[in-house]
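[1] A structural model of the following input is requested.
(chains A, B, C and D, ligands or ions: 2)
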Amino acid sequence: MMQGRKKDFPILNKQPLVYLDTAASSLTPNAVINKLNEYYKDYPVNVHRGVYKLSYQATEAYHAARQTIADFINASFDEVIFTRGASSALNLVALSYGEQYINAGDEIIVSELEHHSHILPWQQIAKRKNAKLVYIPLSKEGRITVEAFQSVLSNRTKVVALTYVSNVMGYITPIKEIIEIAHQKGAVVSVDAAQAAPHMQLDVKALNCDFLAFSAHKMFGPTGVGILYGKSALLQAMPPVEYGGDMNDNVDLYDGDWKDAPYKFEAGTPPIAEAIGFAEAVRYIQSVGFDAIIKHEQGLRKQAIEGLEAIDGITVYNKEAETGIINFNLDGVHPHDVVSFFDEDHIALRAGHHCAQLLIKWLKVPATLRASFYIYNDASDIETFIDSAKRARSFFSEIGF
Amino acid sequence: MMQGRKKDFPILNKQPLVYLDTAASSLTPNAVINKLNEYYKDYPVNVHRGVYKLSYQATEAYHAARQTIADFINASFDEVIFTRGASSALNLVALSYGEQYINAGDEIIVSELEHHSHILPWQQIAKRKNAKLVYIPLSKEGRITVEAFQSVLSNRTKVVALTYVSNVMGYITPIKEIIEIAHQKGAVVSVDAAQAAPHMQLDVKALNCDFLAFSAHKMFGPTGVGILYGKSALLQAMPPVEYGGDMNDNVDLYDGDWKDAPYKFEAGTPPIAEAIGFAEAVRYIQSVGFDAIIKHEQGLRKQAIEGLEAIDGITVYNKEAETGIINFNLDGVHPHDVVSFFDEDHIALRAGHHCAQLLIKWLKVPATLRASFYIYNDASDIETFIDSAKRARSFFSEIGF
Amino acid sequence: MHQLETLYRQIIMDHYKNPRNKGLLEDDSYIKEHIKNPSCGDDITIQTRIENGRVKDVRHDGSGCSICCSSASVLSTLVKGKSVEEANTYTKNYLNMIMKQPFDETIDLEDALAYQGVTKFPARVKCASIAWKAFEATLKKASE
Amino acid sequence: MHQLETLYRQIIMDHYKNPRNKGLLEDDSYIKEHIKNPSCGDDITIQTRIENGRVKDVRHDGSGCSICCSSASVLSTLVKGKSVEEANTYTKNYLNMIMKQPFDETIDLEDALAYQGVTKFPARVKCASIAWKAFEATLKKASE
Ligand SMILES: Cc1ncc(COP(=O)(O)O)c(C=O)c1O
Ligand SMILES: Cc1ncc(COP(=O)(O)O)c(C=O)c1O
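    Ligands and ions are numbered 1, 2, ... in the order given. Predicted coordinates:
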């Protein structure tokens, strides 16, 4: 059913490639590439500042992109800030909200499942403010549970910063329940949706999250852009982080004042082409539909897990995950060695700590292999992958690993 | 001679357009568009993190882009940080260097010629740190002079933040001399080169500047990327601003450590396509050559100034500027009214405060018109522009302005 | 004839050069709203005084292009004396007209009809709308 | 035969499984250099002891793939006992070889020759080079 999708991705029609590294970056479809070209060829000018037609056209396209993305997650226009990417968006929460509202003795709840981009900013705030970073104890499987969250929640909890989907384990955090409980204590919740947005329907109103971030490049979009969603009232009460062109109202010699959100958080020329391309990526996702995406990824995942389990000497760390991410190792072989074997078979997957060292330490391994799926993968990709895994296992055993 | 360049820009071959808003954003040539397409079609994957061939290819291209830009300004590889744009780069200096080294009572020298992106970040630091923002008195013409700079320089001066070329007046600041004098007092100098980099050869070693920033989109490059140059020793001693994926070394539960510059300032997935496209833009500039660019722009400027001077009821504010920027008004007509007239004649220029309200206030006008030139403009563009200015003048006079 | 003549109609120029009800008052019985146009720097403040469900007075001040300033003047003459409900209807009609949305052509927008020409200049629609949006906001505030 | 066999030669596997000179010493007469490979997380520390212009000892430790770890071991056996000048020459030759640059084929790189296969795997060249670069850095520090 999804096989037909391969034709939408130029690179898959150029060379033999089984691409299993979507969790790092997805491939880019023609629709998005064409949209970027449209901007650069038809109205390659700045936004906001010009009152001539071309600039109006660019400004309208940029505005429409924000609206498309707002609609995509059931947010309002004003609640969507364009950033350099998810990392930048998550940092913005810490640098603005955290800097303003965290005080000595406050507690910030995080987890060892967090990507570095959602843990390091809060570590730094905690250090600067003499606040306390509190880890949710993970379940034996490595999951965040509501119970474990409740065990660390306290009256001093001011911020809860958690990932929606782990980029290593592929687990889905029970974030809706956690948000509800956190709110009862008056804490705000920052959700890292970098691995969620590409693969499942997000509804910020239903989740009732305070902040939520994701990147375009993991969901068919261009590099260089992501968004931060923030509840309107919170954003209005937060100070800007960067200052400059387009985010200000009046500027005097010794002070200035700022536009309302989202603009006060977007200093300087924004990522115009990127935002417009991002919206096109969202439309591409919508044209496929999340039901189809989820069903497809579940199928591939099942096939892959069964295939890997049938091979001796392979450990899968997240057999029960709900999303299309498989985290595994060939026993006794460093993943960087293995990844070259796959590479020679034209299979792209990832080896390392996946920017989640805390989890790799929790797993007590030096690094892992990660295969992740998207709609351009099909059953034959998985066959190729499993076949290669088998031969890799024999190869490394034979040469003495 | 430059006429031949129009064919390189898709938009100029699609519709009648005299584009005189380069100082906001330049048009994009085919070479850069094709380079972006190459990334998205041939190796649209993440950098640094993968060890498979495609990722290696992307990583090499991203590295090479940094080297190209470093060479372009005579910097080393490690001294070039990719940012979201000039605004973000200039903010990085204030948020990292300023946050770390500015103390109460210190002085920060700026000017009313600064773009908001180079004045607001230092206003904020000054306010937070109880430091003093000191303005260089502009000359009658509106220029920064060495003498005026010396008159405000003191032993308390810690940072000097100045634009190299004013985005409204087009004046070139005597920055090399200023840097030399500033260094004698131990102050560091941050140079806003957003309007310089597209139009003149920069040599950070010869200038001996401490920081320097510019954006790709004003010099044929894509949106969403710019660079900060910083002297290696300064960058090494500065703290990161954003934290996250790819900028760290080891991460523990309560602390982490960082890679060396430039990486420690590049948290998360960088603007990969944009950096690669930026390097291609630099090569495009180099293929034209700055001698040719300067000669061409001077010629257009002279033609335009002479044309405007021949029309009664037009005031030009920067007749003696050295670069291809003309700042003017139709007497008694609000520039937003005028700009629509030009727009109907397919001439794109800018009306407003050009993100430089302090200068507009200094000029004591509500707003101005700005025409700016680049290599895709030619003598016939200027004729069209002057002819339209004449007819606009009559039109507005006749209807009663 | 230059395209722009369809925009700069005499009525508009008249209100631009001789603005009615211009200048703000220091009077707490007025409801105030300030709007800026981020794309071009237009900056308008509207003051509305409501008494017994009627728009008693409308004042305006600010800076901007002729389209922006004149439309504040036109607005003030049109809605003064109308009931709040009528004023709302007129405002919606005007905004729909300039944004090329369906609008009730039987309602007489008087001088404000002159702004129909702005539909051909999409980059200027905002200029023609911000005074009216600010006025709409004062009515909303009053009803809260 | 899988492509990868040209990379994982027996000599390499032997040094990987039985690393020579492994483990760091708490000894100030050693010069230390620590290098990480940002692309894959390899992490190597080299300790060099120089006496009278000769490389007296080389120690290494760290974590990483077989190519990275084995090359540290190979390096240590090759340069131990050589003069600093020779050690520098060998290192340059090795690095040039794996980076497909011209190199002096008359110099016998011994076990290190096995890494020539890495040229076919550009993504792994860094793995094979970081121990050597760290070693080069220790020599440089020593000469400062
Ligand atoms: C869970 C998670 N959070 C955050 C990020 C950071 O995203 P980016 O690198 O696009 O800033 C990633 C991707 O690397 C991720 O997987
Ligand atoms: C002099 C100057 N500095 C800084 C900037 C900010 O650049 P950007 O908007 O690309 O961040 C600009 C352009 O708007 C500029 O002209």
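
[2] Let me see the confidence value for the closest residue to chain B within the stretch 251-400 of chain A.
    Taking C-beta to the nearest C-beta, chain B has its nearest neighbour within the stretch 251-400 of chain A at A:G268, 2.5 Å off. C-betas here are computed from N, CA, C, even on glycine. A:G268 is assigned 96 on the pLDDT scale.

[3] What of the one 10 residues further on?
    Note for A:F278: predicted pLDDT of 98.

[4] swap in A:M2?
    In the predicted model, A:M2 carries a pLDDT score of 55.

[5] one step back: ok, the residue nearest to the residue of the stretch 251-400 of chain A closest to chain B when sequence neighbours are not counted to A:V241 distance?
    Excluding the flanking residues, the one nearest A:G268 by C-beta to C-beta, 6 or more residues apart in numbering or on different chains is B:S87, at 2.5 Å. Separation of B:S87 from A:V241 (C-beta to C-beta, to the nearest Å) stands at 12 Å.

[6] Show me which of these two is the more surrounded one.
    B:S87 (32 against 21; other C-beta atoms under 10 Å in any protein chain shown).

[7] what about the residue in chain C that chain B sits nearest to, how many neighbours?
    Chain B sits closest to C:C65 of chain C, with a gap of 3.6 Å, by C-beta to the nearest C-beta. Neighbourhood size, C:C65 [other C-beta under 10 Å]: 28.

[8] so it makes contact with B:H334?
    Yes. With contact defined as C-beta atoms under 8 Å, C:C65 reaches B:H334; the gap is 4.3 Å.

[9] mind listing what the nearest residue to A:L95 once chain neighbours are set aside touches?
    Among residues not flanking A:L95 along the chain, A:V241 sits closest, at 4.7 Å (C-beta to C-beta, 6+ apart). A:V241 sits next to A:L92, A:L95, A:S96, A:F265, B:N91, B:L95 when contact means C-beta atoms under 8 Å, 6 or more residues apart in numbering or on different chains.

[10] who in chain C is up against chain B?
    C:2-5, C:7-8, C:10, C:13, C:17, C:40-42, C:63-68, C:121, C:123-124, C:127 (C-beta under 8 Å from any C-beta of the partner chain).

[11] for C:D61, what are its contacts?
    C:D61 neighbours (C-beta under 8 Å, 6+ apart): C:K22, C:G23, C:L24, C:I44, C:T45.

[12] ok, 10 Å please
    The neighbours of C:D61, taking C-beta atoms under 10 Å, 6 or more residues apart in numbering or on different chains as the test, are C:19, C:21-25, C:34, C:43-47, C:69, C:72.

[13] That one falls within a strand, correct?
    Yes. The assignment for C:D61, made by DSSP: H, G, I helix; E, B strand; the rest coil, places it in a strand.

[14] Tell me how far it lies from B:G289.
    Distance from C:D61 to B:G289, by C-beta to C-beta: 52 Å.

[15] who touches both of B:S87 and A:V241?
    With C-beta under 10 Å, 6+ apart, B:S87 and A:V241 have common neighbours A:A267.

[16] What count of nearby residues applies to residue 9?
    Chain wasn't specified; assuming chain A. 25.

[17] that answer is for a different chain, and I need it for chain C
    Residues near C:R9, counting by other C-beta under 10 Å: 17.

[18] and what of the one 3 residues further on?
    When counting by other C-beta under 10 Å, one arrives at 25 neighbours for C:I12.
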